[in-house]
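>>> Output the structure for:
(2 chains)
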Amino acid sequence: MVSFIARRLVVSVLLIIGAAFIMYVLTSLAGDPLEEFYQSRLPNREQLMAQRIERLQLNVPVALRFFLWLGGAAKCLIPFADACDLGLTVQGQPVTELLPQAMGATLQLVTAATVLAIIIGITVGIVSALRQYTTFDVFVTFLSFLLYSLPSFWVGVLLKEFVAIGFNNFLRDPVIPIPWVIAIAVGTGLLWVGLIGGDMRRRLTVFGVSTLATAAVLVYFNLSNWFITPALGPVVVLVMSAGIGLVMVALLAGIRNRRALLTAGISVAITFVVYFLVQPLLNISSLYTLMILAAATLVVGLLTGFFVGGPDRGQMMRIGAFTAVLSAGLILVDRYMRAWPTYMGLSSIRGRPIATVGAETPNLVGDIWVQGVDSFTHLLLPTLTLMLISFAAYTRYARAGMLDVLNQDYIRTARAKGMPERVVIVRHAFRNSLIPIATIVAADFGALLGGAIITEQVFAFSGMGAMFQRGLSLPDPNPVMGYFIVIAVMAILFNLIADLTYSALDPRVRTR
Amino acid sequence: MKINRIGAPLAVATIAAMALVGCTTTDPGEEPPASTGGTITVAEVNELTAFTSSTSDTNLDMNGKFIGYTRSSFFYLDEALNLIPDTSFGTVEKTSDEPLTVKYTLADTASWSDGTAITANDLLLAWAAQSGYFDDASLDPETGEVASGTRYFDYAGDTSGLGLADRPVVGDNNMSITLTYSEPYADWQLVNPIDAPLHVVADKAGVSVEDAVDALTTAPRGDAANPNENATIKALADTWNTVFTATSLPSDSSLYLSSAAFVLDSWTPKQSITLVRNEAYKGDLVPNVDTIVVRFIGDAQAQVTALQNGEVDIINPQASADTIASLQALDGVTTLTGDQFSYDHLDITFNTGVFQNAPDVREAFLKTIPRQQILDAIVTPQNPEAQQYDSQIFFPGTAGYEETIKSNGADAYHEVDIEGAKALLNGATPTVRILYNINNPNRVAAFQAIQASAQQAGFVIEDAGAENWGSLLGSGTYDASIFGWISSGVGVGGVPQIFGTTGGGNYSGYSNAEVDRLANLLQVTLDKDEQDAIQVEIDKLLWADGYGVPLFVAPGVMAHSDSVSGVVYYPGQAGVGWNFWEWTKS
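Numbers count the residues shown, from 1 in each chain, chains lettered A, B, ... in the order given. Here you go, the predicted model:
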């Protein structure tokens, strides 16, 4: 194993140097950095040209210039010396200062989208594999290909028009018109029918219940002015956390398992009591308070499982922890919702909360909840854009992987020996279907920092993509090389991680 | 054992509870009461890179705009490029024509935002940077690099004009400087000897203010033949060149001192800067609004949606026809269109090829250029009022432009005249190679229109378009070229550069003794009206020689929400913020 990693690292360094050389030469040849001066009518244009030639060392042949750059970059490898020198941009700013800012902006933009796309994509993919060739499966297939083929600049602009500007206009008089209520309710009903399936009678029941429930909720929204003063309230928190508990039990232990039900029930009950107790504390919370509370929630959940667990301690601890953390998440959501009216009332928001550009409202005054809502309103659109497009790929991989596994002999064996379907799917099929996806997920995390050039531009996030694009258009090789080094190292690192994970997940794979 | 089972969790719980309480915050309180003037948010394409725009590294539009918000000057330019003096900062007075002597006197209201008064010390520093007085560098003619000596201040502007002046005489209790020029300098009115605060530069350079002033007032003029480095000035210059570059708000607020109505308050990298009222400002240009937020939004369409969504009040995008269309579809938004200080033009090569010593062929070729068609295709969608641009020298909207188009003969080329061109060619079919930038769609469109039209008159048009067109300029490998000129819009220093026989920007090989004479005369003419009269004459000669034709002036756009008033379109680099003190927010 060690020799495998060592060999990979040595090869990687050579690979990076080679690729960096190609990148440097291509960037330097991508345009004429003096172009703006050819068109200048300034009396001192010649002097400006000479200055730029000196700044970019244009008198030195490109290949030699690369080694000058490499000399500075190599200093980054000296640990703790702080001697890293990735050069200056044409504007005289050090690349080492710009990179962390750009990485920060990009991570802000793409992290949530990537995580959500992975979770939702895999879930939808697995469900559609289990419902193979049903209307739901066909619909998901259609939708995923449709979204996959959409250009991001177009999705971004559409979302701005309808989700931001449209929704903000709607907030002036937040009542959903009756035709829309009916359409949304029927659509939701159909979605649930597709998800749950079953015979005709069951379908009709599901359709009727979910349609009516949705319609009732929407009407409630209209009557209670919910979009201006949203909140979940204790009742909804209780009902929803009970739902979460049931789903956890059903997935992890089976609905007939009394101990599991007891564990989940205790977790939900504790959450409900805590809901009332914790509100005053939340009002004065900082980020660290929330982190401690989250850790405490996890511990309480684990302890519940530990004490109730009996022979199935591990399983019960999992159920307890999942139920407690997710239910506590509801309390958090509820608290954020309660900050909404305050946020809407701020003069800098002007009653139009959903933003179309940037990462934050400049000079926002408010507590952690208002700040959180501000981040949400700014990240909503870019996250949706990126997620809609990338979730499609995960859906396809997850569906194909799941179908592949479901057709294996050992699944048939498991069913033949009388295992409950839940165990067959969750234990035998689902876990194994995740192995190929692990590779893709690792590669995608590696590519996170590469940025999303177009989405960044549409939503005015000046991240890695913008840095690359600006450097290339002049061309100014130093920022481009800074960008390149980061993504090259990430790609190689995450490939290595993917290989190692693979061998950890699948005992048939050995690394030598 | 027993104690452990109960005690350990208890201890953990206690510590957690303590940490929990310790990590809470107090209520951040209410929003500060909305002050009277309100906040205006402006969208700009580029982010700030420095608190100066005077060095060649930092001479970028956003840096210049930042300086506009936070620094007072002896004058500013209005939307028609008139010089408007700001006497609450200082006065400029020409005390003698022969030799040209100009006195700059600071008003006693001029001060930096840290409370330090602005004195002749600051003017001396600006003069040292802008004049290159101390430079003793000799350049290697091959590479343009410094071969010996020192170039102190990396000033982005032209040093040759102010370099004519002798060391300024400080007077009026250290509140004025007087410059005496050895030769008349035509653009003397554009000299604005104020830049960074000397006390800050000296402090950062590790030099006392007294030593700095002493060096600036006693060190001899640089002599390239006998280079002799002055350590104090070198330290000041090195600091001046680099210390104001930034990527985020520096902890040291002296790096962004203000001398105007606004001062930088915060900077969120990649997002926005916030400018608040400068409490120390005592001048006349007092704004109505209390806060200006500048947000960095590169994409034009994103600026438009942000304006529509009320996130910004004023936008200043790099516009296309689509941008204008989507702006005009919005309610509650005022769109301002106009010209920018850059124009595309077709130039003819005089010293080689088919047009050499062939005035008839030149005239015939220019007669075939479909100027109106190109204007309609490229500019009219963005600026419906755009008209053919008829001067090689003046910009539309200036007084000189109105004067020159009466007589320069440009109207002869308003319409395509194929028959006239055929008559001039008299059956000949000359081949014309046209150079242009193949990556610029406007230039490609212009080339195609010209090609189609000129072929009708019998010209054979060869496509000499290239990606590296810039380095091919002046190489003699083409007969005509389509490219753009970018200008500051003011000053006459650029005229001999482009139209003089030995000018650095004369890619056409154009040479006319009368133009050379007038251009040289222009450089020593001090009066604005006389300058205009000379330029009108040059313009006329250029058109008569068939120098080429301007194609169109690049259109620009600004837009603002109707809750803001006082925004006036501005064609120059200062951009939309040029009259920020007149903005009001309802």
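>>> ok, how many other residues are close to A:Ser347?
Neighbourhood size, A:Ser347 [other CB atoms under 10 Å in any protein chain shown]: 13. Using the backbone N, CA and C atoms, a C-beta is placed for each residue, glycine as well.
>>> right, I mislabeled it, should have said A:Pro436
By other CB under 10 Å, the residues close to A:Pro436 number 18.
>>> so how far is chain B from it?
37 Å (CB to the nearest CB, to the nearest Å).
>>> same check, this time on A:Ala264
Distance, A:Ala264 to chain B, using CB to the nearest CB: 23 Å.
>>> quick one, phi psi at the residue nearest to that residue when sequence neighbours are not counted?
Take A:Ala264 and drop its neighbours on the chain: the residue closest to it by CB to CB, 6 or more residues apart in numbering or on different chains is A:Gly245, 3.4 Å away. Note on A:Gly245: backbone dihedrals following degrees, to the nearest 10 are phi -60, psi -50.
>>> what does the one 10 residues further on give?
For A:Ile255, the backbone dihedrals are phi -70, psi -20 (criterion: degrees, to the nearest 10).
>>> Run a quick check on it versus A:Met248, I expect a contact.
No. Counting by CB atoms under 8 Å, A:Ile255 stays clear of A:Met248, with 10.6 Å between them.
>>> neighbours of A:Thr304, just the number please.
Applying other CB under 10 Å, we find 25 other residues in the vicinity of A:Thr304.
>>> so who does it touch?
Applying CB atoms under 8 Å, 6 or more residues apart in numbering or on different chains, we find A:Thr304 in contact with A:Thr263, A:Ile266, A:Ser267, A:Ile270, A:Met316, A:Gly320, A:Ala324.
>>> returning to that earlier point: could you check how far the residue nearest to A:Ala264 is from A:Leu326?
With distances taken as CB to CB, to the nearest Å, A:Gly245 is found 9 Å from A:Leu326.
>>> Can you mark which positions in stretch A:51-70 are buried?
A:Gln51, A:Arg52, A:Ile53, A:Glu54, A:Arg55, A:Leu56, A:Leu58, A:Val62, A:Arg65, A:Phe66, A:Trp69 (16 or more other CB atoms under 10 Å in any protein chain shown).
>>> which two of those residues lie the greatest distance from each other?
Maximum pairwise distance in the buried residues of stretch A:51-70, criterion CB to CB, is 22.0 Å, between A:Gln51 and A:Phe66.
>>> Just confirm yes or no for stretch B:177-195 near chain A.
No. Stretch B:177-195 lies out of reach of chain A by CB under 8 Å from any CB of the partner chain, never closer than 8.5 Å.
>>> Need phi/psi at B:Leu179.
phi -100, psi 130.
>>> sorry, that was for A:Ala429
phi -90, psi -50.
>>> Any idea how many residues pack against the closest residue to it other than its chain neighbours?
Using CB to CB, 6+ apart and skipping the chain neighbours, the partner closest in space to A:Ala429 is A:Val405 (4.8 Å). By the criterion of other CB under 10 Å, A:Val405 has 21 neighbours.
>>> after the longest helix along chain A, next one along is what?
Selection of the longest helix in chain A by residue count, based on DSSP state H, yields helix A:368-406. As assigned by DSSP states H and E, the chain's next helix or strand after helix A:368-406 is helix A:409-416.
>>> What are the buried residues along that following helix?
Buried residues in helix A:409-416, counted by 16+ other CB under 10 Å: A:Ile411, A:Ala414.
>>> tilt between that helix and helix A:368-406?
Inter-element angle recorded for helix A:409-416 and helix A:368-406: 90 degrees (by axes from the mean of the first three to the mean of the last three CA atoms, to 10 degrees).
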